[in-house]
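# I need the structure of the sequence given here:
(one chain, ligands or ions: 1)
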Amino acid sequence: MYAFEKCIKFDYELTISSFKKEEIKMDCSALKNVRFQAFLTFFNYIFKQVLTWSVYIHKVKGLPYTTTNSTREMKTTIYTLLSLLLASCSLIDFNVAPEDLEVRYNSDEAVLLKPYVDKYLEEASKRGILLHHKSIDVFVEESNDPEVLAKACFYCRKLTVYNNSKVWREMQRRSFDIDYGVGLKLLAHELNHTLIDADHRGVKGETMSVIFDDQSEVAILSLMTQGDNDIPDLRNETLSFLWNEYYWDELFEIIPTNKQLIFE
Ligand SMILES: [Zn+2]
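Now for the predicted structure:
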C-alpha cells in the first residue's frame, strides 16, 4: 500500500466504462518500468475476466444487471487487485545492501559521477542503511534549465544529471572532486529520493545555525532541503566537520533534523 499511496494517484471516480490504463495517473515515472507495464497488462486481463464473471453470475441468479451494481463491484475488485499488485511490486527489491547495488552508468560522461555515487553508498553502508532497489541507471543529458543539476524520483531507479547546468560546470572545473559540497549534496539528495524514497526536509533554502567557539554560522538545514545554498565543501576549514557530525546521519534519519547545532 505504501507504493500505491506514494507513487500513484488513482482516480476513484473513474467510471468502469472509461477505465483504461492511460487514465491511471502517475506522479512518477514508474509507468516506464517494464515490470509495472507487465502488471498493468495482467491487471487489464483480470479486469476483463471479472467483468465477464460478474455478468454471468447475474444471469445465473436471474438478477438484474445494473450499471450501478456492476460499477460498485468492479471498483472494489479493481482497487483490491491493484493495491495487492503494487504492494508486492514495491516489496520485491527492498532491503538491498548499498554494496550490492548495481549502478549502470549509461555513458562515459555518466561514469564521471561515480565518485559521488560511491561516496553516498559508502556513507549509507557505514550506517547499515538498506536500499529499496537492487539497481539504478545513471544518465547524463541536456536540459532547458541551467539551475537544475539532477533529477530522480521515487521508485523510478533512474538518476538523470544535466551537463549544461551551472553545478555540472563547476563540478567539471573541479575535475569531479567529491570535496565539492554543492555537487555532493545534490547527488546525495537525488539518490536518497530514489534509493530510499526519502522526502524533502525543510522548505526551499531553509537554513540552520551552527554555533561553535561563540561564533554563529549559517548552513543548509539538511541534504534533503531543496536548493543548493550554504552547503560547505568537504575541505572547508570552518564547516567541513558538519558533514560527518550531522549531514550524513541526518540524511539517513539516524539523528533528527536540527535548526540549531551547538558544538563546544
Ligand atoms: Zn528533491
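
# and the contacts of stretch 252-259?
123-124, 127, 129, 196, 198, 201-202, 208-209, 221-222, 246, 249-250 (C-beta atoms under 8 Å, 6 or more residues apart in numbering). Bear in mind the C-beta positions are built from the backbone N, C-alpha and C, glycine included.

# in strands only, show me those.
Among these, the members found in strands (DSSP state E) are 208-209.

# now, which of the contacts of stretch 252-259 lie within helices?
Among the contacts of stretch 252-259, DSSP state H puts 123-124, 196, 249-250 in helices.

# what about those residues, which one has the most neighbours?
Ala124 (24 neighbours; other C-beta atoms under 10 Å).

# still on that earlier bit, pLDDT check: weakest of the ones in helices among the contacts of stretch 252-259?
Minimum pLDDT for the ones in helices among the contacts of stretch 252-259 is recorded at Ile196 (93).

# so who does that residue touch?
129, 131-132, 252.

# and those residues, which two are the farthest apart?
Largest separation among these by C-beta to C-beta: His132 and Phe252, giving 13.0 Å.

# of the contacts of stretch 252-259, closest to Asp145?
After measuring these against Asp145 - C-beta to C-beta - the closest member comes out as Gly202, at 21.7 Å.

# would you mind measuring from that closest one to Ser240?
In this view, Gly202 and Ser240 are 21 Å apart by C-beta to C-beta, to the nearest Å.

# ok, now Arg72?
61 Å.

# which of the two has more neighbours?
The neighbour count for Arg72 versus Ser240, taken as other C-beta under 10 Å, is higher for Ser240 (15 against 12).

# from what I can see the more buried one touches Ile231, true?
No: counting by C-beta atoms under 8 Å, Ser240 stays clear of Ile231, with 10.6 Å between them.

# how many neighbouring residues does the closest residue to Leu82 other than its chain neighbours have?
Leaving aside its sequence neighbours, Leu82 sits nearest to Phe43 (C-beta to C-beta, 6 or more residues apart in numbering; 6.1 Å). Counted by other C-beta under 10 Å, the residues lying close to Phe43 total 17.

# state the pLDDT value of Phe43.
70.

# can you list phi and psi of it for me?
For Phe43, the backbone dihedrals are phi -60, psi -40 (criterion: degrees, to the nearest 10).

# go on, Thr194?
According to degrees, to the nearest 10, Thr194 has phi -90, psi -30.

# ok, Met224 next?
phi -90, psi 0.

# follow-up on the earlier one: between the ones in helices among the contacts of stretch 252-259, which is closest to Ile178?
Nearest member of the ones in helices among the contacts of stretch 252-259 to Ile178, counting by C-beta to C-beta, is Glu123, at 11.0 Å.

# noted, bye for now.
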